[in-house]
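Colleague: Pasting the sequence and the predicted coordinates here, then a few questions.
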Amino acid sequence: MLDKLKILAKNFNQITPEDFTWEDMADLRKRYSDYLKNRDVAFILNLFLMIISLKRTGGFDMYDKIRNDIFLVGVLVNTGEPYIYECDNCSGNGYVECDNCNGSGNETCPQCNGDGTERCFECSGDGEVIGDEGPEKCGECGGEGEIECGECGGDESISCRDCGGNGSQDCSDCDGQGEIESDNETLFETKLYVSWNKNLQNLAEFRVGTADPIDQLDTMENTVLVGLGAGHGEPEDFIQEDENYIYYFSDDLDDVEFNQVAGKTWLYTSDGIGDYIIDYRD
Ligand SMILES: [Zn+2]
Ligand SMILES: [Zn+2]
Ligand SMILES: [Zn+2]
Ligand SMILES: [Zn+2]
């Protein structure tokens, strides 16, 4: 198993840049999906570290030294930005069906109640008027007593007055925006690092589950960013904006799950807290 991995690492070493990063690893996963499909996180991380070892030392000494010392650190960063969610009421459209016309854009003519006709004003509906020679047929309505409704022109309905005939109205929940800014939830970024830095391990073990930030993880020696994710929630009092907090720590790669959802590969922590996109695949 290890020998096979080392051969693979040597081959990949030839075709990857000197400053090999996890993003390059993700590219490899895309380009050589036949080889790397269905490989678990331990396999991929080991391969990644082997390639780094080859780049830095020309051999596998560095890898052999660190391979039992690698561990993962997850951190959470509160961006302070409000969480914006899709409006439930209108499914994000910003508009809803008009109540008044049920979406048709028309309503029953209020003047004729939908009859299309109204009482003749000339004869007051009698069909007759008094002429010079006594009662005669009303010229206005032809003796019918009714004329075409002046409001709807005989159509029986008019354009809906509430929605102007559109059949829809601005959603009142979101003021037509389709999305709502949360009052209490903010956006979080999550970052996942693989590391073989003893100091960081001590620090992480000591501080796991606490609010003490670990600074400069991005540039910390022997530590590589391997995953980014996003989330939202109500910040606890101690989670200030733009600060890092230890969020997950494990030295056992078997504790993490590696799943592909919607073209992305996610790393899940075994306790269900947090997930990180660690690979994209088309
Ligand atoms: Zn809405
Ligand atoms: Zn309407
Ligand atoms: Zn009418
Ligand atoms: Zn008449």
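Modeller: Received the coordinates, thanks. Residues are numbered from 1 along each chain as shown. Ligands and ions are numbered 1, 2, ... in the order given.

Colleague: Contact partners for the residue in the stretch 151-282 of the chain positioned nearest to ligand 4?
Modeller: With Cβ to the ion as the measure, residue 154 is the residue of the stretch 151-282 of the chain nearest to ligand 4, at 15.7 Å. Glycine gets a C-beta too; all of them are placed from N, C-alpha and C. Counting by Cβ atoms under 8 Å, 6 or more residues apart in numbering, residue 154 makes contact with 116-117, 148.

Colleague: Can you flag which of these belong to strands?
Modeller: 117, 148 (DSSP state E).

Colleague: Return the members of the contacts of residue 154 classed as buried.
Modeller: Buried members of those, scored by 16 or more other Cβ atoms under 10 Å, are 116-117.

Colleague: Residue 103: which of the contacts of residue 154 is nearest?
Modeller: Nearest to residue 103 out of the contacts of residue 154 is residue 116 (Cβ to Cβ; 22.6 Å).

Colleague: Can you tell me which residues in the stretch 151-282 of the chain are near ligand 1?
Modeller: When proximity is defined as Cβ under 5 Å from the ion, the stretch 151-282 of the chain approaches ligand 1 at 171, 173-174.

Colleague: and ligand 2, which of the residues you listed reach it?
Modeller: Restricting these to those touching ligand 2 (Cβ under 5 Å from the ion) yields no residues.

Colleague: For this protein, give me the ranges with low pLDDT.
Modeller: For the chain, the stretches flagged by pLDDT under 70 are 1, 207-215, 237-282.

Colleague: Quickly list what the nearest residue to residue 165 once chain neighbours are set aside is bridged to.
Modeller: In this structure, residue 165 finds its nearest non-sequential neighbour in residue 159, 3.9 Å apart by Cβ to Cβ, 6 or more residues apart in numbering. Applying DSSP bridges to residue 159 gives these bridge partners: residue 106.

Colleague: how far away is residue 159 from residue 7?
Modeller: Distance from residue 159 to residue 7, counting by Cβ to Cβ, to the nearest Å: 75 Å.

Colleague: who has more neighbours, these two?
Modeller: residue 159 (14 against 10; other Cβ atoms under 10 Å).

Colleague: show me what contacts the more buried one?
Modeller: Residues near residue 159 by Cβ under 8 Å, 6+ apart: 105-107, 165.

Colleague: Tell me how far it lies from residue 195.
Modeller: 67 Å.

Colleague: same thing with residue 118?
Modeller: Here residue 118 is placed at a distance of 84 Å from residue 195 (Cβ to Cβ).

Colleague: more neighbours, those two?
Modeller: Ranked by neighbour count (other Cβ under 10 Å), residue 118 and residue 195 place residue 195 first, with 24 against 19.

Colleague: so that one touches residue 225, yeah?
Modeller: No: the criterion here is Cβ atoms under 8 Å, and residue 195 misses it with residue 225 at 9.9 Å.

Colleague: Which neighbours do these two have in common?
Modeller: With Cβ under 8 Å, 6+ apart, residue 195 and residue 225 have no common neighbours.

Colleague: and stretch 129-137, does that touch ligand 4?
Modeller: No: Stretch 129-137 does not reach ligand 4 (Cβ under 5 Å from the ion); its nearest approach is 7.1 Å.

Colleague: Can you measure across that stretch, start residue to end residue?
Modeller: Using Cα to Cα, to the nearest Å, the end-to-end distance of stretch 129-137 comes out at 6 Å.

Colleague: Would you mind listing the outside residues contacting it?
Modeller: 122-123, 127-128, 138-139, 143.

Colleague: so which of these is the most crowded?
Modeller: In terms of neighbours by other Cβ under 10 Å, those top out with residue 123 at 23 neighbours.
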